[in-house]
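Enquirer: Sequence below, structure please.
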Amino acid sequence: MYRQTQLATTNALCILRRPSLALPSTGIPNSHCLRPLAVSTLRSRKQSTLTHSHQPATTSIPPTSPNLAATPERPLASLPFTYLLRSILLHTVSASPSLLSLTTRFLNSNIDRLHIDSPLNPLGWILYYTFYKHFCAGKNEKEIETVVADLRDRGITGVILAYAREVEKGGESTEAEEAKQAKLWVEGTKKTVEYTPKGDFVAVKYSGAGPKALRLLGASPPEMPSLELAKGLEEICELAVKRGIRLLMDAEQVAVQDGIDMWTVDLMRKYNHRRSDGKAVVYNTYQMYLKSAPQKIAQHLAVSKNENWPLGVKLVRGAYLSSDPRDAICDSQADTDKQYDNAIQMLLAGQHGAKVDLIVATHNKESIRKAKIAAKTALLQENGAGLQEIKFAQLMGMADELSFGLTKEKEGVKVYKYVVWGSVTECVKYLLRRAQENQSSAGRSKDNVQACWEEVKWRVGLRR
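Expert: This is a model prediction of the structure:
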């Protein structure tokens, strides 16, 4: 049966609350800023075909019965009844500001002393069989492989895998402690690359390397990574090239984003010519709720064109409304939506003359529709030579009606899920951090509840 216990997301408690990333007190509706995950449209050069070497793993999932096959009208038809009920429960909690606030306050205050990884801990058991199994991939390679196999059996192409463990911010630290934190981050990221199936993606968050990395990224002007950190990044990228994995560098707060852009462009310059199929190895993330985003993309397109390497682009709306300066953000949701959709149109039209690998990351149904139209238009304009396929992906445990609906598209559609792995404690802390970053996104959770209820009604005979 479908391993409902393994579904996860890389932004989960927060994920629980986000339609497309939450907009705090800016007055901008929730769908204004969903973060990573993701629709992707990959452009290939002539004669280049995207090959997935994924071999479906043997699992205990029974064949989907004909009457439960997913259709446009019933995108969740293939999911187990228990998964639907759990999704309704979790997203009902996350759609309620008071319930979610109560849950996050309690866990933030007690998680370090509760020992929730112990199998004898009642609270750990509850968290494991609810949030963890719904939003997270597992604790080790075997569990991750099972999740990926389950997803593929239901039409999902693959995953964007992220390690839940992050460096705790705050407090003073010695140089030796900072070096240890950076080393742990490099080791964890390399392990994530090793756990990721060939052809899939790994999400990388620079700030996870610790205080020293944050200081370098946030300097004015930003500074390049230290020798130790540069060596670690090189090891990560070399391993990704060797294993056929692609790296998605996360966007972060405006205060460190210029540094992130600088580090990532430098890595793209070094590694984006290394794949035999001409695709990018390293991708930068552009938050389209920032007024400066279109200009930043144009600058990077020019650099990649002049230096003749493919620009890896992941488009998101935005994730840090509670901390980014309000004057740096678009004035309205409509402005952000327009900026986001225009970027897709521009990148697919190809008039920039650069080679682009595009990942469109959104839970916004309208943006997905427009991206598909833009991709088909580009394909017709280029007589089929340039556009290979369009890829979609959403956060694990979120927007399942979009993900599984897209799996039924007939031609060239790939669907990915963004998911975190780690211990129960590591993953719960990760979800709590994402919830703090995205404090008012109940809209997407309400959409999830509604979609699951519609399928439940079919199952119990209330709809036909």
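Enquirer: Once you drop chain neighbours, what's closest to Leu107?
Expert: For Leu107, ignoring the flanking residues on the chain, the nearest one in space by C-beta to C-beta, 6 or more residues apart in numbering is Leu432 at 5.9 Å. In this view, the C-beta of every residue, glycine as well, is placed from N, C-alpha and C.
Enquirer: Could you report the separation of the one you found from Gly208?
Expert: 16 Å (C-beta to C-beta, to the nearest Å).
Enquirer: The residue nearest to Leu107 touches Phe106, doesn't it?
Expert: No - the criterion here is C-beta atoms under 8 Å, and Leu432 misses it with Phe106 at 10.4 Å.
Enquirer: Settle it for me: which of the two has more neighbours?
Expert: Leu432 (19 against 12; other C-beta atoms under 10 Å).
Enquirer: Sticking with that one, tell me its helix or strand.
Expert: Using DSSP states H and E, Leu432 sits within helix 424-437.
Enquirer: Quick check: buried residues in that helix?
Expert: 424-435, 437 (16 or more other C-beta atoms under 10 Å).
Enquirer: Same list, these, but as TSV with distance to Lys376 and pLDDT please.
Expert: Output for the buried residues of helix 424-437, formatted as TSV (distance: C-beta to C-beta, whole Å; pLDDT from 0 to 100):
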residue	distance to Lys376	pLDDT
Val424	43	94
Thr425	46	94
Glu426	41	94
Cys427	38	95
Val428	42	92
Lys429	42	91
Tyr430	37	90
Leu431	37	88
Leu432	41	86
Arg433	38	81
Arg434	34	80
Ala435	37	74
Glu437	35	68
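Enquirer: ok so, going back, contacting residues for the residue nearest to Leu107?
Expert: By C-beta atoms under 8 Å, 6 or more residues apart in numbering, the contact list for Leu432 reads Leu13, Thr104, Leu107, Asn108, Ile111.
Enquirer: Near the third one, how many residues? Count them for me, please.
Expert: Which is Leu107. A total of 20 residues lie near Leu107 under the criterion other C-beta under 10 Å.
Enquirer: Check it and give its pLDDT.
Expert: Here the pLDDT value assigned to Leu107 is 88.
Enquirer: where does it fall, helix, sheet strand or coil?
Expert: Secondary structure, DSSP: H, G, I helix; E, B strand; the rest coil: Leu107 is helix.
Enquirer: cool, Val419 as well?
Expert: Here Val419 is strand, with the state taken from three-state DSSP.
Enquirer: For it, which non-adjacent residue is closest in space?
Expert: Met396 (4.0 Å).
Enquirer: Kindly report the same for Pro310.
Expert: Nearest non-adjacent residue to Pro310 (C-beta to C-beta, 6+ apart): Lys355, at 3.9 Å.
Enquirer: go on, Thr104?
Expert: Ala435 (5.3 Å).
Enquirer: measure that neighbour to Glu307 for me?
Expert: Using C-beta to C-beta, Ala435 is found at 40 Å from Glu307.
Enquirer: quick one: contacts for Asn308?
Expert: Contacts here follow C-beta under 8 Å, 6+ apart; on that basis Asn308 touches His273.
Enquirer: any weak-confidence spans in the stretch 101-250 of the chain?
Expert: Applying pLDDT under 70 to the stretch 101-250 of the chain picks out residues 167-171.
Enquirer: Just say helix, strand or coil for Ile390.
Expert: Under three-state DSSP, Ile390 comes out as strand.
Enquirer: Look at it and report its pLDDT.
Expert: Reading off the confidence values, Ile390 has pLDDT 73.
Enquirer: Could you do Asn364 as well?
Expert: 91.
Enquirer: Likewise for Gly397?
Expert: In this model, Gly397 is scored at 93, pLDDT.
Enquirer: Could you do Leu23 as well?
Expert: The model's pLDDT for Leu23 equals 33.
Enquirer: likewise Gly405?
Expert: At Gly405, pLDDT is 89.
Enquirer: Was I right to think it contacts Arg74?
Expert: No - using C-beta under 8 Å, Gly405 makes no contact with Arg74, being 9.1 Å away.
Enquirer: More neighbours: these two, which one.
Expert: Gly405 (23 against 19).
Enquirer: Please identify the helix or strand for the more buried one.
Expert: Assigned by DSSP H and E, Gly405 falls within helix 400-406.
Enquirer: I'd like the distance from that helix to the chain centre, please.
Expert: When distances are taken as C-alpha atoms, centre = their mean, to the nearest Å, helix 400-406 is centred 15 Å away from the chain's centroid.
Enquirer: hmm, who's touching that helix?
Expert: Residues outside helix 400-406 that contact it (C-beta under 8 Å, 6+ apart) are 70, 72, 75-76, 78-79, 87, 154-156, 363, 365, 368, 392-394, 413, 415, 417, 447-448, 451-452.
Enquirer: residues in contact with stretch 446-456?
Expert: Here stretch 446-456 makes contact (C-beta under 8 Å, 6+ apart) with 19, 74-77, 79, 81, 84-85, 87-88, 91-92, 95, 398-401, 463.
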